[in-house]
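1. From the sequence below, what's the structure:
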Amino acid sequence: MTNTALTIQAQALIPTPWGNFQMYAFARQPDDWMPHLALVHEDCDTSGPVLVRIHSECITGDLFGSKRCDCGEQLHKAMELTAREGGVVLYLRQEGRGIGIINKLKAYNLQDEGLNTIDANIHLGLEVDARAYDIAVDMLEALDICEVRLLTNNPDKIDAFENTRVKLVGREPLIIDPSAENEAYLLTKKKDMGHLFDS
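-> Prediction:
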């Protein structure tokens, strides 16, 4: 019988520079080598609203510190804030806004030729943003988190909580100062994708 539900397949304590987090691996199969991850701070209290960051995988930014985006800096800031407040970081395996690392690198080459992040995806015949956030809601339910304060600038993540059993009680902005390398990228996210870069 095939296991189709997204469930916790394993968990372990992960000490980080920001504090101790329990890491949960969510997948539909126990041998899935790219599970979605939840990092739950040791002081997390699910009896009230929990500070939650939904972060989509960005190998270039998260792992290698690429300055083309602000993803790595957002992840580190989210870890700091959720550690401070006993919160949760959900790490979704949706590389490159859902297009994968290979297509992401192809899109980068097009951006170097003058296209913005949206037009590069369209040129490749891909969606501008192929990510899904219902996964995050399912993970929060599995962790018995009923109310969240969402750490995000992305209105799509806010909309994901409509008509779900997890109540969104507020939004916390996650603002990273732009650099010369990512200023145009962040401007595109604000102007053309509706991201909320307010404080």
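2. Flag the helix or strand of this structure with the lowest per-element mean pLDDT.
-> When each helix and strand of the chain is scored by mean pLDDT, DSSP states H and E, helix 183-193 comes last, with a mean of 53.
3. so how far is P15 from the closest residue to D43 other than its chain neighbours?
-> Nearest non-adjacent residue to D43, counting by C-beta to C-beta, 6 or more residues apart in numbering: G86, 3.6 Å away. (C-beta placed from N, C-alpha, C; glycine too.) For G86, the distance to P15 (C-beta to C-beta, to the nearest Å) stands at 16 Å.
4. more crowded one of those two?
-> G86 (16 against 9; other C-beta atoms under 10 Å).
5. Need the per-residue pLDDT for the more buried one.
-> G86 is assigned a pLDDT of 97 by the prediction.
6. do T2 as well
-> Looking at T2, its pLDDT reads 49.
7. Run through this structure and note the low-pLDDT ranges.
-> For the chain, applying pLDDT under 70 flags the ranges 1-3, 177-199.
8. Determine the longest helix present in it.
-> Scanning the chain for the longest helix, with DSSP state H as the assignment, gives helix 71-85.
9. just checking, what packs against that helix?
-> Taking 3 or more C-beta pairs under 8 Å, 6 or more residues apart in numbering; DSSP states H and E as contact, the helices and strands that helix 71-85 lies on are strand 36-41, strand 50-56, strand 88-92, strand 147-151.
10. and the last one, how far out from the chain's middle?
-> By that I understand strand 147-151. Its chain's average C-alpha position is 13 Å from that of strand 147-151, according to C-alpha atoms, centre = their mean, to the nearest Å.
11. angle of it against helix 71-85?
-> 140 degrees (axes from the mean of the first three to the mean of the last three C-alpha atoms, to 10 degrees).
12. Can you give me the buried ones in strand 147-151?
-> Neighbour-count burial for strand 147-151 flags E147, V148, R149, L150, L151 (criterion: 16 or more other C-beta atoms under 10 Å).
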